[in-house]
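Colleague: Please work out how this folds:
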Amino acid sequence: MTTPIPESTAPEVRTLAERVFQQLQEAIVRGELAPGSKITEPGLSKTYGISRGPLREAMRRLEVHRLIERVPHVGARVVKLSMKELLELFDVREALESMAARLAAEHMTAEEIAGLREVLAVHERQGDLKRGEAYYQREGDLDFHYRIVLGSHNKMLMTLLCDDLYYLVRLYRTQFSASGSRPQRAFVEHHRIVDAIEAGDAELAELLMRRHVSASRANVAERYAATLAEEAEASEPAAR
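Modeller: Next up is the predicted model:
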């Protein structure tokens, strides 16, 4: 059940809009607002118990972060990438995150590396990872990949991967997260990447991250293809 967000006075509208944005982006990432589903200001206003002003600002941010899109004669809807678009997104991620790992090996401080290991310690305690069901990473500082990008100390990479593409990548990482043996394998790969960064081995860190993201790409693509096939099969009776 959605928890309504309390109204606010005018000076606090920006803060309220930020809270609405965070709640809506989490609902999209978690799949509570389904990919491709139509959304309207009146509907969201009623669901989340907020006024149109902060909601409109939050929706603008969602559009900037590519989580919703405006479709002519349809309105706003939650983004749904095609398979081609999804693979392109992961190609970009593989290239940029491997670069970030290389730079992190060159620039990350001992304190930052210790923080990265603490993030992995938090992940290791997660029930979903222990059960081999998934490997869910919370947003921002508890996200391993986010911390690697910050550790690159490259502002352009931070803008691209921690802002422009972050929520879209996180959406597909979450909804089509690892299953079977992949969660534990991904966790081990994370540790190896940190080992290379701590050793200052930029070339190895870059190679390990490239392999890691490539494996994630293959996993996400396989699961997404299975989902599309299920949707197509489910729609066949209606088409007859």
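Colleague: Now for the chain, the helix or strand with the poorest mean pLDDT.
Modeller: Between all helices and strands in the chain, the lowest mean by mean pLDDT, DSSP states H and E belongs to helix 127-130, at a mean of 60.
Colleague: residue contacts, residue 113?
Modeller: Residue 113 is in contact with 151, 194, 197, 198, counting by C-beta atoms under 8 Å, 6 or more residues apart in numbering. For glycine as for every other residue, the C-beta is placed from the backbone atoms N, C-alpha and C.
Colleague: What residues of the host helix or strand of residue 235 count as buried?
Modeller: Assigned by DSSP states H and E, residue 235 belongs to helix 202-239. Across helix 202-239, burial judged by 16 or more other C-beta atoms under 10 Å covers 202, 204-210, 212-213, 216-217, 219-221, 223-224.
Colleague: Can you pull out the low-pLDDT segments for this protein?
Modeller: With pLDDT under 70 as the threshold, the chain has low-confidence stretches at 1-14, 127-139, 177-181, 236-240.
Colleague: As a check, name the ranges of all strands in it.
Modeller: Taking DSSP state E, the strands of the chain run over residues 38-39, 68-71, 75-78.
Colleague: Out of the contacts of residue 113, grab the one that's most surrounded.
Modeller: residue 197 (27 neighbours; other C-beta atoms under 10 Å).
Colleague: How about the residue nearest to the spatial centre of the chain, nearest residue that isn't a chain neighbour?
Modeller: By C-alpha atoms, centre = their mean, the chain has its centre lying nearest to residue 170, at 0.8 Å. Leaving aside its sequence neighbours, residue 170 sits nearest to residue 29 (C-beta to C-beta, 6 or more residues apart in numbering; 5.7 Å).
Colleague: what residues are up against that neighbour?
Modeller: Counting by C-beta under 8 Å, 6+ apart, residue 29 touches 167, 170, 171, 174, 175.
Colleague: all helices of the chain, in order?
Modeller: Along the chain, counting by DSSP state H, helices occupy 13-30, 41-48, 52-64, 83-107, 110-124, 127-130, 144-151, 155-159, 166-175, 182-198, 202-239.
Colleague: so what secondary structure elements neighbour the second one?
Modeller: With contacts defined as 3 or more C-beta pairs under 8 Å, 6 or more residues apart in numbering; DSSP states H and E, the secondary structure elements packing on helix 41-48 are helix 13-30, helix 52-64.
Colleague: what do you get for the longest one?
Modeller: The criterion is 3+ C-beta pairs under 8 Å, 6+ apart, and the helices and strands that helix 202-239 contacts are helix 83-107, helix 166-175, helix 182-198.
Colleague: what angle sits between it and helix 166-175?
Modeller: Angle of helix 202-239 versus helix 166-175, following axes from the mean of the first three to the mean of the last three C-alpha atoms, to 10 degrees, is 70 degrees.
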